[in-house]
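S.K.: I would like the atomic coordinates for the input below:
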Amino acid sequence: MSVSSATITPEQQQDLMLKLEALGDAVTAARETFRVQIGANFELVGTPETPNCEAINYGATIALTGNGANFTYAVVCDETTAAWLTRKFFDLGDEEEATLADLADALNEIPNVAAGMWKARRSEYGEQYQLGLPLFMRGSSWLRFFSKGVNAVSQRLAGPEGTSLQVVLIWQSGVKPGGVSQMTTQTSVETPATANLPINVLQEATNAVVDTCEIQMGLKLEVDANPSDPRDAAVDFGSSIALTTEEGGGWNLAVMGSKDSCQKLTRILFAMEADEEPAMEDLADGVGEIGNVAAGVFKASRLEAGERVQIGLPLFMEGRGCIDFFASGLQGLSQSLNGPDGIVVHVIIIWQEGRS
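M.R.: Numbering: from 1, shown residues only. Okay, here's the model as predicted:
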């Protein structure tokens, strides 16, 4: 995060200071979570910096959306620390090997609890946030490639037995302190609330992606007959974005596809040559933009149904990190869309079980 001081305006400096204060509260919340939940003390190492992606194998995120700023709160670590944390959370013996599903459950629990503490601390400053759903992440591509305007800062913590992790705060840059709202479709007329079954929500999300691709890219997509389990979808890349509600939770909307399909989508969106291979940065920007605009259309659709939602920050997905292992109580549905030249897009909705 080294920027020449000559290029930093007073507004940008103030914005950065606010983000560092928010990171400080995130770190305090994480340390308290570890102390209370597993009786472990984690100490600060160094000063805030950009995330060290080389030291990240696993992590979990949760969206925090507000009227003035949007954040994603993440706790990430290497494989050794992830296994140690899992044994502590589930009181496993040193000789017991934690499964990947157990590891996902343990890591999802950390930001889920800590974000609630963070929200309470920020309310003391008059800030109000809605919490999204915890998502398990594998690898570090989602921290290497951000959509335009998205930034991250992290604080390293050292714990017992050589463990080490990073608390990461991700936000969208704005033109004023606290950031600005993302590009969305605005709708001001509310209608009476209607039934909000997950299948209806999936249909709305699917229509949002279909409309986005047709309007933004001139790309017509046909909807498959039936939805399916997202874990059956053949995906390599995608973008996930949270949509939170005043009641808490909400949904996560993911737009994903195979490497070939995502490259074709990126070439169409950015008017590239047919034989041009998009760089990873372009691919992240491309699928992130599709997901971001579709989320705005979906937000408008929810408002027409009488429900206000706020949009979080798009996170780039490489692999299946956000759909292989859901936190306890979360479920997912996937709808496939078929386009020309073999393009297949998977629209995935993740929601909290019991949400009506």
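S.K.: count of residues packed around residue 229?
M.R.: 12 (other C-beta atoms under 10 Å). Every residue, glycine included, has its C-beta placed from N, CA and C.
S.K.: skipping adjacent residues, who's closest to it in space?
M.R.: Excluding its sequence neighbours, the residue lying closest to residue 229 (C-beta to C-beta, 6 or more residues apart in numbering) is residue 334, at 6.7 Å.
S.K.: tally of neighbours for the one you found?
M.R.: Neighbour count for residue 334, taken as other C-beta under 10 Å: 23.
S.K.: name the element it belongs to?
M.R.: strand 330-338 (DSSP states H and E).
S.K.: if we can go back for a sec, residue contacts, the residue nearest to residue 229?
M.R.: By C-beta atoms under 8 Å, 6 or more residues apart in numbering, residue 334 lies in contact with 227, 228, 229, 230, 232, 233, 323, 346, 347, 348.
S.K.: for it, give its distance to residue 252.
M.R.: 12 Å (C-beta to C-beta, to the nearest Å).
S.K.: next, show the common contact partners of those two.
M.R.: residue 348.
S.K.: all helices for the stretch 251-356 of the chain, in order.
M.R.: Ranges of helices within the stretch 251-356 of the chain are 259-269, 280-304, based on DSSP state H, counting those that start in this stretch.
S.K.: show me which residues of the strand holding residue 334 are buried.
M.R.: If you call a residue buried by 16 or more other C-beta atoms under 10 Å, then strand 330-338 has these buried ones: 330, 332, 333, 334, 335, 336, 337.
S.K.: again, but for stretch 44-60
M.R.: Buried-residue list, stretch 44-60, by 16+ other C-beta under 10 Å: 48, 51, 56, 57, 58, 59, 60.
S.K.: could the residues you listed go into a markdown table alongside distance to residue 210 and secondary structure?
M.R.: Output for those, formatted as a markdown table (distance: C-beta to C-beta, whole Å; DSSP: H, G, I helix; E, B strand; the rest coil):
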| residue | distance to residue 210 | secondary structure |
| --- | --- | --- |
| 48 | 41 | strand |
| 51 | 34 | coil |
| 56 | 35 | coil |
| 57 | 36 | coil |
| 58 | 34 | strand |
| 59 | 32 | strand |
| 60 | 31 | strand |
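S.K.: could I get those residues as CSV with pLDDT and distance to residue 129?
M.R.: Putting those into CSV (pLDDT from 0 to 100; distance: C-beta to C-beta, whole Å) gives the following:
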residue, pLDDT, distance to residue 129
48, 96, 20
51, 96, 21
56, 96, 25
57, 95, 28
58, 95, 25
59, 95, 20
60, 95, 18
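S.K.: of those residues, closest to residue 300?
M.R.: Checking the buried residues of stretch 44-60 against residue 300 by C-beta to C-beta gives residue 60 as the nearest, at 29.5 Å.
S.K.: test my guess that that closest one contacts residue 73.
M.R.: No. Contact criterion C-beta atoms under 8 Å: residue 60 and residue 73 do not qualify, at 9.2 Å.
S.K.: find residues that contact each of those two.
M.R.: Both residue 60 and residue 73 are in contact with residue 111, where contact means C-beta under 8 Å, 6+ apart.
S.K.: circling back: mean neighbour count, the helices of the stretch 251-356 of the chain: which tops it?
M.R.: Mean neighbours per residue, mean count of other C-beta atoms under 10 Å, is largest over these for helix 280-304, with a mean of 23.
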